[in-house]
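*Asks:* got a structure for you, letters missing:
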């Protein structure tokens, strides 16, 4: 419970910062002000300025927005495609459809996610949109598996049997009875995938394949800070710590949610 | 007891060794050459390894950019300027033992000139009509029209002299006449050269030279600091130079290069067809902010496509002062009161990536929106240089005296101006230095006033070296790391 609150608070800080950045940031993240470059943290720049004189607080805020947007949409893609696939596979257990879906999942799962993401962005050009698609595709098998696994055990339960006896079709049962009962698991998994999405976005933009300049992104901020780390360490520390805290917060939140929602864990506790 | 004596001997040997000067050097370079044949590719990294070290031409550049005799001892120019007679050095051997002679000069220059030649700078040889062997140590070059730049052209790395029997394998096993012999190439890591004991000229001080390829600026910094690399003639991260300067172990060499760094503008694309729009772009740019922000202060502002250290240079930066108000006015006149959107495609060097972000911000201030895309070199060459699919890009033109590109309408920025074309074709025929200067200055003005490209700054050569190394080139009059004069102080 403590993990949930702490993690939730950490994540909420960044989500709030990202939300505020839509209407207000302390400085302009696209304006270049060479006279004020590489200011150390403090004074009118609480986190200092980068090599173009841009305010780091503002950049972290907008960077959070990019990270969250990419991760959120990627999780959305993963859930939107993965959950129906998982439900369908479970509902037709052992059939050719189940086989096709699950072997297809295995295929996608077999590739290292970041490698394929690099491939996609290399072929279609680097942009935030392509990063979203690349990360999203790799969320599909994760959600499909989680959904199928949980749904399979539900299909043997008495209340599902009752529904079948009552004459409900497989699709209706999946939507009306299975889905609500796997939702808890999906929320937990979604939180974890969300944090992985943040990391993946940072990784892609670090190698230059994420959001393109002038849009700030945490990964690119880190990459650009590299050569200046010896005389302006705040340039690397600020985005680096942002990524750490955001991912830590989401993972703590995921753990907390699991404790709260997952019936198996709950039972073990009791 | 024996062990004590032994260790004492080793210690003494070490101490004695320390007093002697080192005779090997490791140089860092950011880019690895694709191969080692300067006669068949434009990549600067090839010349940076082999120029003056492995290969030599009839003439050569010195560190101040002047042209001095190389394999030609002396030459005579006919009064009509149409024939050059070169007296060749005798007793020059190739690294494989073959003897250098007039036949090789004829072979090398003819090979560069033929129709299907892969030479990257064929224009250098365009004025040559024929190469005739007079005797074994004399060669006559006749021209179709006088060319005041012939001796300069023959000093380029693209005009080196090779032996016919080696020509096909130069890419992997370079054989030249230079003071260093090729010894080993570990792909992706380093090229090693060793001293040529049979060199015709003054023997070099170094026994061994290693060129190590380190593309990542952070790794380059670490390699210098750890002493793995003795010198980085073009250090990729100008932001680190202050630290090297403060460290007594290192010297920082800041010199000039032939690199005019420009905001290349596609003169045939969209709004840029209108000279008022190009002028508006020029006035929207704050050069000093770019030099400070992207190069940490290293670089000289330029107002045309010409190197400031050249005697014929005119300072034309006043044609494009930073004046956003004027820029907006010009855009309104041209019918773009609300601005427009264009592409800004950036190759990997930090001058382009960082400069691009600054320029994008400056253009945005006058209403011009840019879509930035960061490209790798291969993509940039494909899309921008060959494909001409771009609005704006930033690149440094590092060839010496390359104003001739403005006479080529098919060149990637697609500037088509009959006046400039006439001036440049006339230039070759002018041998009198004062007349040449006059035309060169008129050219600079014409290009500057037509705002062909956005002229940003002359790239500085920012090198870092161990403080004990002497004789490295401070300036970069051509793409080279000439090691003939390099030695370690004792």
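*Replies:* Right, received. Where do you want to start? Fair warning: this is a prediction, and the values are worked out from it, not measured in the lab.
*Asks:* in the chain, which helix or strand is least confident?
*Replies:* Here I'm looking at chain A. helix A:263-269 (a mean of 62; mean pLDDT, DSSP states H and E).
*Asks:* now the strands for the stretch 101-250 of chain B?
*Replies:* B:128-135, B:138-143, B:180-186, B:190-195, B:208-213, B:231-232, B:250-265 (DSSP state E, counting those that start in this stretch).
*Asks:* Check which helices and strands the third one is in contact with.
*Replies:* Read it as strand B:180-186. strand B:190-195 (3 or more C-beta pairs under 8 Å, 6 or more residues apart in numbering or on different chains; DSSP states H and E). (Each C-beta comes from the backbone N, C-alpha and C, glycine too.)
*Asks:* and the strand it packs on, what other elements does it pack with?
*Replies:* In terms of contacts (3+ C-beta pairs under 8 Å, 6+ apart), strand B:190-195 is packed against strand B:180-186, strand B:208-213.
*Asks:* now what about the shortest one, what contacts it?
*Replies:* This points to strand B:208-213. Contacts to strand B:208-213, defined as C-beta atoms under 8 Å, 6 or more residues apart in numbering or on different chains, come from residues B:23-32, B:48-49, B:53, B:180, B:183, B:188-195, B:223, B:228-229, B:481, B:483.
*Asks:* Separate out the buried members of the residues you listed.
*Replies:* Using 16 or more other C-beta atoms under 10 Å in any protein chain shown as the burial test, the contacts of strand B:208-213 include B:25-32, B:48-49, B:53, B:180, B:190-195, B:223, B:229, B:481, B:483 as buried.
*Asks:* Export the strands of the stretch 101-250 of chain B to a markdown table and append columns for mean pLDDT.
*Replies:* Shown next, in a markdown table, are these (pLDDT from 0 to 100):
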| stretch | mean pLDDT |
| --- | --- |
| strand B:128-135 | 93 |
| strand B:138-143 | 94 |
| strand B:180-186 | 95 |
| strand B:190-195 | 96 |
| strand B:208-213 | 96 |
| strand B:231-232 | 94 |
| strand B:250-265 | 92 |
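*Asks:* What parts of the stretch 301-450 of chain B come near chain A?
*Replies:* B:353-354, B:356-358, B:360-362, B:364, B:371-374 (C-beta under 8 Å from any C-beta of the partner chain).
*Asks:* Let me know which of the helices and strands packed on strand B:190-195 is tucked in deepest.
*Replies:* Most buried of the helices and strands packed on strand B:190-195 by mean neighbour count (mean count of other C-beta atoms under 10 Å in any protein chain shown) is strand B:208-213; its value is a mean of 21.
*Asks:* for residue B:473, helix, strand, or coil?
*Replies:* coil (DSSP: H, G, I helix; E, B strand; the rest coil).
*Asks:* Now for it: which residues touch it?
*Replies:* For residue B:473, the contacting residues are B:63, B:233, B:255, B:461, B:480-482, by C-beta under 8 Å, 6+ apart.
*Asks:* how about the residues of the stretch 51-200 of chain A near chain B?
*Replies:* Within the stretch 51-200 of chain A, the positions near chain B by C-beta under 8 Å from any C-beta are A:51-53, A:125-126.
*Asks:* before we move on, back to that, could you flag which of the residues of the stretch 301-450 of chain B next to chain A are buried?
*Replies:* B:353-354, B:356-358, B:360-362, B:364, B:372-374.
*Asks:* ok, the closest residue to residue B:313 other than its chain neighbours - how many residues close by?
*Replies:* Take residue B:313 and drop its neighbours on the chain: the residue closest to it by C-beta to C-beta, 6 or more residues apart in numbering or on different chains is residue B:306, 5.3 Å away. Here the number of neighbours of residue B:306 (other C-beta atoms under 10 Å in any protein chain shown) works out to 25.
*Asks:* Could you double-check that residue B:306 sits in contact with residue B:260?
*Replies:* Yes. Counting by C-beta atoms under 8 Å, residue B:306 touches residue B:260, with 7.1 Å between them.
*Asks:* And residue B:396, how far from residue A:44?
*Replies:* Separation of residue B:396 from residue A:44 (C-beta to C-beta, to the nearest Å) stands at 36 Å.
*Asks:* what does residue B:325 give?
*Replies:* For residue B:325 relative to residue A:44 (C-beta to C-beta), the value is 28 Å.
*Asks:* Fine by me, thanks again.
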